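Turn this into a structure:
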Amino acid sequence: MITVAFHISNEMWNIVKNWDVFAKKTIGDQYVRSVDSISVNIAEGFGRKTKKDKIKFYNYAYASTLEALDWNEKAHRRKLLSTSQYDHMLTELKKLPREIHSLSKFTERKLQK
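Sure, this is the predicted structure:
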């Protein structure tokens, strides 16, 4: 899961760096930040000691995934992403909420505190 999130963030970076300045500053910056935040928060959650802290960061990753889905839609409707780029990102992003939820549930069941 972290691998999917990591690859999505790098793919989005490579797409956005080619946009014009206005698109980069308005949508691109926020889109890249949201996809970067997914893998970073999963990684930080892994590094936390307590169940509560781990789940807090997994929840941040989940919220960032929803944000990225919204930016993906905006970027496509504003003709910044091709249909194939949009479809690919949508497919990859849609994998994450269920996986993050499973990670949270596993952490809740398996960890003591």
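
Helix or strand: which one has the residue lying closest to residue 61 once chain neighbours are set aside?
In space, and not counting its chain neighbours, residue 61 is closest to residue 41: 3.9 Å by CB to CB, 6 or more residues apart in numbering. Yep, even glycine has a C-beta here, placed from its N, CA and C like the rest. Assigned by DSSP states H and E, residue 41 belongs to helix 29-47.

Could you list the low-pLDDT ranges of the protein?
1-2, 112-113 (pLDDT under 70).

Touching, residue 89 and residue 14? I think so.
No. Residue 89 is beyond contact range of residue 14, at 11.8 Å (criterion: CB atoms under 8 Å).

the helices in the protein, which residues?
2-16, 21-23, 29-47, 51-77, 83-110 (DSSP state H).

Can you add mean neighbour count and give those back as TSV?
Formatted as TSV, these follow (neighbours: other CB atoms under 10 Å):
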stretch	mean neighbour count
helix 2-16	17
helix 21-23	11
helix 29-47	20
helix 51-77	19
helix 83-110	15
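
got the CA coordinates for stretch 47-60 in PDB?
Output of stretch 47-60 as PDB, limited to C-alpha atoms (Å, rounded to 0.1, in the frame of the first residue of the first chain):
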ATOM      1  CA  GLY A  47       6.900   4.600  13.100                       C
ATOM      2  CA  ARG A  48       4.600   5.500  16.000                       C
ATOM      3  CA  LYS A  49       4.700   3.400  19.100                       C
ATOM      4  CA  THR A  50       1.100   3.500  20.300                       C
ATOM      5  CA  LYS A  51      -2.000   2.200  18.600                       C
ATOM      6  CA  LYS A  52      -3.700   5.600  19.000                       C
ATOM      7  CA  ASP A  53      -0.900   7.400  17.300                       C
ATOM      8  CA  LYS A  54      -0.600   4.900  14.500                       C
ATOM      9  CA  ILE A  55      -4.300   5.100  13.700                       C
ATOM     10  CA  LYS A  56      -4.200   8.900  13.900                       C
ATOM     11  CA  PHE A  57      -1.700   9.000  11.000                       C
ATOM     12  CA  TYR A  58      -3.500   6.400   9.000                       C
ATOM     13  CA  ASN A  59      -6.600   8.600   9.300                       C
ATOM     14  CA  TYR A  60      -4.600  11.500   8.000                       C
END
